[in-house]
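Asker: no sequence on this one, just coordinates:
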């Protein structure tokens, strides 16, 4: 396909130093010479954002979010300028822009702004002139012309939003892995790279700890059917295409296995099984910005029940503070915390129309003598909470049980 | 004076690290608590600009000026965000802006843009709300919304331009020296700090190697009568006020002595003394962006003359290339270069109405057996080119001859 319009996003590891920036420039040049129109979205160099945050930390432990955005948005601005220079050096006409300059308009939520609109006229104009257009990822501008940033994974979001606005033929997400695998290759030696996966499956895998791409960007890509290609900036191999559910995919029962060791479990014991109690508990927790993942309520016994849920382990301390008050308010007997859990999940659109998948999963875990603590299911995934020390073993067992090593 | 509107500019050494930024914040807080309205202009942290240029240098030896501006303007943006955080931390309401955000509109000359207009409505609005307004120095935006930078000393220019637009009561330039001295204190031990000096004198001293402030910013301050106060960010001592010529100053014959060791001398020998020859020579040199300082033409002998001029030593190699062609074109006998020169100057508005100042200067140099190579005079300065190795000795002799140590 020549004369395609391609949006390419390069993450921090792809532009970690000037040599890697030159490497990225060479890749862009190859695409350009094939006749494609290229828009490039770049993250900050390597650990730049963390270094800037550390500087802020030396000044105050509570920086204002507006000033944080002013500070950290400089990281991507450095990247786009250097990449433009690297392209000029090898004879490619290119021009760099900040997010505000190309009209990435966001709401006012500093450090986690939502994109409201992309008025990409300036990008279109430069593409018409034959230039490679380089846009700083992760940043935008609100209606007051204040600089905003989009939060973790924000550069992915910039790329997807621009691809949507320009109706791009492909949005390539360059990272330091070669694509999406049936399981984490560090855990499962014969894990296979998936050549294609649906948005839904990728969404489940992303939120389950496969840290290739943030769930938020995949959601937006899904909503607007932006085709994604996740691939490595260090090789020329094809990566994984993420697109709408296609016929071929339906034959596959399970696409991947993921484990998330970053959660903790909270159980409120002997809470009164009355309407409104659960609502009160989770309203209070939400007020403190704690993201609850799985929620399980056991069968009521004599009007009392146990309620369990998982939260990010990093938010466990905050959760404990909130729970101390809630337990009194709802007159529960007590609360128990467990940090030593892992959530293992199988994901696949094929599950929708196949029965027996859950039974096969439980059987695979049982055969390894792994006890299941909590279960939650959706149309295309089944998750089990188990003891953290068995996480790798569980992933290997499931990978093999569903024949993913034979794909 | 309370309720004044004060513009303060802090240079890179004043904000070289987070401790110094906190120090600057404390100073601003004191002013604010005295009831003043404060606008702060900040340079990039310490050597940030040089570090960014080095990054660019690793990618290309000929970076585009537009991309250079995109790159180096991030330095000041980091500073303003950190300073705002430091002010918040000590309870001072403050808000940071980039140059483009506060409407510093420039022409299109990237890396050395001229300010065309400052539309400071946004600054005024925030001052009304009682906030300290922090503006990134050195940068602006052209009519195409491209980021531009103002060249060396650009942050001084930002401060002066904002002070002019807001009709500020004072523009304080904070640096790492305590003010303007009668001579370089490293050379002349009993050099005295001047409490007041005229724009004209400061202009001569600035262009003569006293590197406190760039000539360009002083010119703008003079044009619009913006009162300047040059002082140190490391002490509370008063520095040097620069203002219009005042009565008290007229009694002072000479305000200061300066030496510039950064020039080289070029002499074209036996050039035909005809109209148009000098014009041709200096037109060619100007085309190559070489700044000529002194120009001396000796008495014509038999229709031929020697023509000498000085250029920045850093531009001597470029000058040699240009001269090689010129010498042929004007049929001169040859050209001689001298790198081992220094220009020592005395500056003072009092000279205008006093005779004998030049004679006193030449006498002081002669008494130390220092030969004078070139002489140039203006209304308020006399400069002599001498052998570089006598520069310090000459400055000391002149400082003492004009009684500057007794002020």
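Answerer: Okay, I see it. Computed from a prediction, not measured in an experiment: that's the story for all the values here.
Asker: so what's the closest residue to residue A:370 other than its chain neighbours up against?
Answerer: Excluding its sequence neighbours, the residue lying closest to residue A:370 (C-beta to C-beta, 6 or more residues apart in numbering or on different chains) is residue A:390, at 4.7 Å. From N, CA and C alone the C-beta is placed, and that goes for glycine too. Going by C-beta atoms under 8 Å, 6 or more residues apart in numbering or on different chains, residue A:390 touches A:342, A:368, A:370.
Asker: which one of the residues you listed is nearest to chain B?
Answerer: Set against chain B, the nearest of the contacts of residue A:390 by C-beta to the nearest C-beta is residue A:342 (38.4 Å).
Asker: low-confidence ranges, the stretch 101-250 of chain A, go.
Answerer: A:207-211, A:245-250 (pLDDT under 70).
Asker: and the helices in it?
Answerer: Counting by DSSP state H, counting those that start in this stretch, the stretch 101-250 of chain A has helices at residues A:121-128, A:154-166, A:199-207, A:215-223, A:247-250.
Asker: which of the ones you listed sits closest to chain B?
Answerer: helix A:121-128 (8.5 Å).
Asker: list the contacts of that closest one.
Answerer: So helix A:121-128 is contacted by A:5, A:37, A:39, A:95, A:97, A:101-103, A:133, A:135, A:162, A:166 (C-beta under 8 Å, 6+ apart).
Asker: could you dump those into CSV with distance to residue B:185 added?
Answerer: Formatted as CSV, those follow (distance: C-beta to C-beta, whole Å):
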residue, distance to residue B:185
A:5, 63
A:37, 60
A:39, 55
A:95, 48
A:97, 47
A:101, 46
A:102, 51
A:103, 53
A:133, 52
A:135, 50
A:162, 56
A:166, 61
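Asker: from these, which are also near chain B?
Answerer: A:95, A:101 (C-beta under 8 Å from any C-beta of the partner chain).
Asker: for the contacts of helix A:121-128, which one is nearest chain B?
Answerer: The nearest member of the contacts of helix A:121-128 to chain B, counting by C-beta to the nearest C-beta, is residue A:101 at 6.1 Å.
Asker: my guess is the closest one contacts residue B:144. True?
Answerer: No: using C-beta atoms under 8 Å, residue A:101 is not in contact with residue B:144; the gap is 9.7 Å.
Asker: determine the longest helix present in chain A.
Answerer: helix A:65-89 (DSSP state H).
Asker: helix B:65-89 and that one, what's the angle between them?
Answerer: Relative orientation of helix A:65-89 versus helix B:65-89 (axes from the mean of the first three to the mean of the last three C-alpha atoms, to 10 degrees): 160 degrees.
Asker: helix A:65-89 vs helix A:154-166, what angle?
Answerer: For helix A:65-89 against helix A:154-166, the angle by the same axes, to 10 degrees is 70 degrees.
Asker: quick check: what element follows helix A:65-89 along the chain?
Answerer: Sequence-wise, the next helix or strand downstream of helix A:65-89 (DSSP states H and E) is strand A:94-97.
Asker: tell me the pLDDT of the residue of chain A positioned farthest from its centre.
Answerer: Distance from the C-alpha centroid of chain A peaks at residue A:302, with 42.4 Å (C-alpha atoms, centre = their mean). Listed pLDDT for residue A:302 reads 79.
Asker: which residues touch stretch A:358-373?
Answerer: Contacts for stretch A:358-373 (C-beta under 8 Å, 6+ apart): A:265, A:341, A:344, A:346, A:375, A:377, A:382, A:384-387, A:390, A:393-394, A:397-398, A:400-402.
Asker: for ChimeraX, what selects the buried ones among those residues?
Answerer: Restricted to buried positions by 16 or more other C-beta atoms under 10 Å in any protein chain shown, the ChimeraX selection for the contacts of stretch A:358-373 reads:
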select /A:265,341,344,346,382,384,385,386,390,393,394,397,398,400,401,402
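Asker: list the residues that contact residue A:162.
Answerer: Neighbouring residues of residue A:162 by C-beta under 8 Å, 6+ apart: A:7, A:39, A:41, A:102, A:104, A:118, A:120, A:123, A:135, A:168.
Asker: would you confirm that the last one contacts residue A:7?
Answerer: Yes: the pair residue A:168 and residue A:7 qualifies as a contact (C-beta under 8 Å) at a distance of 4.7 Å.
Asker: anything in contact with each of these two?
Answerer: By C-beta under 8 Å, 6+ apart, residue A:168 and residue A:7 have these common neighbours: A:39, A:162.
Asker: and the contacts of residue A:390, which is closest to residue B:191?
Answerer: Using C-beta to C-beta, residue A:342 comes nearest to residue B:191 of these, at 72.1 Å.
Asker: partners of whatever helix or strand that closest one lives in, with directions?
Answerer: Using DSSP H and E, residue A:342 sits in strand A:341-347. Paired strands of strand A:341-347, with direction, are strand A:256-260 (antiparallel), strand A:381-387 (antiparallel) (DSSP bridges).
Asker: which of the contacts of residue A:390 ranks first by neighbour count?
Answerer: Neighbour counts for these (other C-beta atoms under 10 Å in any protein chain shown) peak at residue A:342, which has 22 neighbours.
Asker: residues contacting the closest residue to it other than its chain neighbours?
Answerer: In this structure, residue A:342 finds its nearest non-sequential neighbour in residue A:391, 3.6 Å apart by C-beta to C-beta, 6+ apart. Going by C-beta under 8 Å, 6+ apart, residue A:391 touches A:259, A:261, A:342, A:344.
Asker: likewise for residue A:355?
Answerer: Contacts of residue A:355 by C-beta under 8 Å, 6+ apart: none found.
Asker: again, but for residue A:237
Answerer: A:178, A:231.
Asker: relative to the helix or strand hosting residue A:264, what are the paired strands and their orientations?
Answerer: Here residue A:264 sits within strand A:263-272, counting by DSSP H and E. According to DSSP bridges, strand A:263-272 forms sheet pairs with strand A:304-312 (antiparallel), strand A:334-338 (antiparallel).
Asker: contacts for the first one next, please.
Answerer: It refers to strand A:304-312. Against strand A:304-312 from outside (C-beta under 8 Å, 6+ apart): A:262-273, A:278, A:281-282, A:285, A:290-299, A:319, A:341, A:343, A:374, A:385.
Asker: so how do I select the buried members of the residues you listed in ChimeraX?
Answerer: Command for ChimeraX that selects the buried part of the contacts of strand A:304-312, burial taken from 16+ other C-beta under 10 Å:
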select /A:263,264,265,266,267,268,270,271,273,278,281,282,285,290,292,293,294,296,319,341,343,374,385
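Asker: re earlier: quick one, which of residue A:101 and residue B:144 is more surrounded?
Answerer: residue A:101 (22 against 9).
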